[in-house]
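> curious how this folds, go ahead:
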Amino acid sequence: MLRHFSVAALPATVAGQAAHAATAAVPKKKLLVLGDSLSAEYGLARGSGWVALLEQRLAKEKIAAGVVNASISGDTTSGGRSRLPALLKQHQPSHLIVELGGNDALRGLPLNMTRDNLQAMARAGKAAGAKVMIVGMQVPPNYGARYAQDFAALFSGVAKEEGAALVPFLLAGVADDPQAERLFQPDRIHPTAEAHPRMLGNVWPVLKPWLAG
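Residues are numbered from 1 along each chain as shown. Next comes the predicted model:
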């Protein structure tokens, strides 16, 4: 005759194994970050960039998600597009964060090319079964008002068309800070370590519900 019993009645070691098995049954989410120097900790001590801070935040909030940072300083949307298929195959992420485009503007690349590349990366991520987030960038006013407006609109446009999550501007509160010069390295392009918590602060309110969803 079978007896009904609870986990609480099991020896501690067996109960612990049962709890571990239950936890292991919950698939861990994996975030793939495809970015440029803003995500690759250019000029910073390792572990101080916003992607590393994101890993720490996930652990602190006990969110079961790992992070793969595949960012390369100097990368463009064309470079990211060419690298992405192999990264998707290797890491099989559940979530893809695309932080690219700033170097396209610095090099004066055609806006249509940047748009096409962002769209292709979003579609590749979705085809691989990943949810996609587009991290937006903006350029200074000296690029011209029309160009700056059209460039910023690329990111929101692709996110809307592809059903992706959107962080409107990674450097909000950094590039437009009244004393922005203190938040940038001497090259006036790359943020200091002090700026990266602000950058994570721009990503986190979008990322947390995106993960939960």
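
> so where do the strands sit in this structure?
29-35, 65-69, 95-99, 131-135, 165-167 (DSSP state E).

> residues contacting the closest residue to Asp177 other than its chain neighbours?
Leaving aside its sequence neighbours, Asp177 sits nearest to Leu183 (Cβ to Cβ, 6 or more residues apart in numbering; 5.8 Å). Quick note: C-beta positions are derived from backbone N, CA and C, even for glycine. Each residue near Leu183 by Cβ atoms under 8 Å, 6 or more residues apart in numbering is listed here: 174, 177, 191-192, 194-195, 198.

> which among those gets closest to Val158?
Val174 (22.6 Å; Cβ to Cβ).

> next, work out how far apart that closest one and Leu34 are.
21 Å (Cβ to Cβ, to the nearest Å).

> between which two of the contacts of Leu183 is the distance greatest?
Farthest apart among those - using Cβ to Cβ - are Asp177 and Thr192, which lie 11.5 Å from each other.

> that older thread, now the strands of the chain in CSV, with mean neighbour count?
Shown next, in CSV, are the strands of the chain (neighbours: other Cβ atoms under 10 Å):
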stretch, mean neighbour count
strand 29-35, 23
strand 65-69, 17
strand 95-99, 26
strand 131-135, 25
strand 165-167, 20
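
> and these as JSON lines, adding mean pLDDT and distance to Leu88?
Converted to JSON lines, the strands of the chain look like this (pLDDT from 0 to 100; distance: least, Cβ to Cβ, whole Å):
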{"stretch": "strand 29-35", "mean pLDDT": "98", "distance to Leu88": "7"}
{"stretch": "strand 65-69", "mean pLDDT": "98", "distance to Leu88": "11"}
{"stretch": "strand 95-99", "mean pLDDT": "98", "distance to Leu88": "8"}
{"stretch": "strand 131-135", "mean pLDDT": "98", "distance to Leu88": "11"}
{"stretch": "strand 165-167", "mean pLDDT": "98", "distance to Leu88": "18"}
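
> show me the contacts for the closest residue to Val135 other than its chain neighbours.
Residue nearest to Val135 in three dimensions, not counting chain neighbours: Glu99, with 4.0 Å by Cβ to Cβ, 6+ apart. Counting by Cβ under 8 Å, 6+ apart, Glu99 touches 33-36, 38-39, 71, 135, 170.

> isn't Leu200 right next to Arg57, touching?
Yes - if you go by Cβ atoms under 8 Å, Leu200 and Arg57 touch, sitting 6.8 Å apart.

> quick one: which of the contacts of Glu99 is nearest Ser82?
Scanning the contacts of Glu99 for proximity to Ser82, where the rule is Cβ to Cβ, the winner is Leu34, at 11.1 Å.
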